[in-house]
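one predicted model, sequence on top.
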Amino acid sequence: MLSKEKLKQMHGKAYVASFEKEQSQLRLARLIHSLSVSKNHKVADFGCGSGMLVPLLADRVDSYTGVDFSEQFIEAAKRKNQHSGSNINFVCADILTFCSDNQAVFDLAFAMDFSEHVYDKEWLDILKAINSSLKEGGKLYIHTPNADFFLEMMKKHNFIVKQFPEHIAVRDLQSNCDLLKSAGFAIGKSELIAHYNVLKVLHPISFVPRIGRYFKARIFIEAVKDCVSLESR
């Protein structure tokens with residue numbers, strides 16, 4: 001298990017440069033139709049990276065706050081989105097600390113392609129913190145690789161392809177939902193979707209009986225702050 005400091009080093013300048021060069025905004029743009037977003041919503045984007053959600057949300061929400069522990073990512077986010085408007089803000093901070101200082105502030109939260117970078121225990125702590133930062137009935141949207149996807153299974157066993165070193169905790173749908181429930185969320189909706197790159201051509205196979213489950217590349221979840229569950233704790 002890698003230390004927190006080692007993980008932070010892995011997400012430094014070189015990783016940011018690689019991310020900016022290789023990642024397409026399409027992976028998030030295709031999800032917009034599935035989001036319950038309105039002009040009066042205050043939004044927090046946890047593990048925001050370079051702020052890829054900003055162009056998709058800036059004109060649709062009251063305010064957007066991007067939070068990331070990487071100084072390099074926050075610098076990239078500010079640089080890329082410097083003309084996005086006064087309702088956009090980026091904060092370099094530990095998520096637990098940030099949420100502790102911002103209790104019941106946000107209507108919506110996002111963790112897009114973030115959870116696979118965090119071990120279970122730390123991710124559960126982060127989910128609980130995010131929960132505390134949401135208003136009653138607030139929602140959290142998660143997008144992450146699916147551990148049951150055939151390519152992820154190949155990576156896990158170092159068969160032909162290797163896992164990205166930063167992806168230390170790729171989970172299946174059930175594991176993601178279990179952690180969300182443990183953090184005080186109810187699952188609003190969940191779906192397994194195609195990859196956003198060329199591998200999306202394989203998605204039709206996901207509907208084939210018996211083998212289809214191995215061709216669903218991504219997990220998308222809408223989780224709702226479950227006040228009843230929290231009161232029973």
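Right, received. Where do you want to start? Residues are numbered from 1 along each chain as shown.

touching the helix or strand where Met153 lies from outside, list them.
Taking DSSP states H and E as the definition, Met153 sits inside helix 150-156. Applying C-beta atoms under 8 Å, 6 or more residues apart in numbering, the external contacts of helix 150-156 come out as 145-147, 160-164, 167, 170, 199, 214-215, 217. Quick note: C-beta positions are derived from backbone N, CA and C, even for glycine.

okay, how far is it across stretch 175-188, tip to tip?
16 Å (C-alpha to C-alpha, to the nearest Å).

report the distance from it to the chain centre.
Relative to its chain's centre, stretch 175-188 lies at 14 Å (C-alpha atoms, centre = their mean, to the nearest Å).

distance of the closest residue to Lys4 other than its chain neighbours relative to Asp94?
Leaving aside its chain neighbours, Lys4 sits nearest to Glu122 (7.8 Å; criterion: C-beta to C-beta, 6 or more residues apart in numbering). Computed as C-beta to C-beta, to the nearest Å, the Glu122 to Asp94 distance reads 11 Å.

same question for Phe164.
Phe164 is 23 Å from Asp94, by C-beta to C-beta.

just give me the longest helix of this structure.
Using DSSP state H, we find that the single longest helix of the chain is helix 120-133.

list the helices and strands it packs on?
On a contact count with 3 or more C-beta pairs under 8 Å, 6 or more residues apart in numbering; DSSP states H and E, helix 120-133 meets strand 42-46, helix 95-100, strand 106-112, strand 134-145, helix 173-182.

between the ones you listed, which gets nearest to Thr65?
Minimum separation from Thr65 across the helices and strands packed on helix 120-133 (C-beta to C-beta) falls at strand 42-46, 5.0 Å.

flag every buried residue along the closest one.
Lys42, Val43, Ala44, Asp45, Phe46 (16 or more other C-beta atoms under 10 Å).
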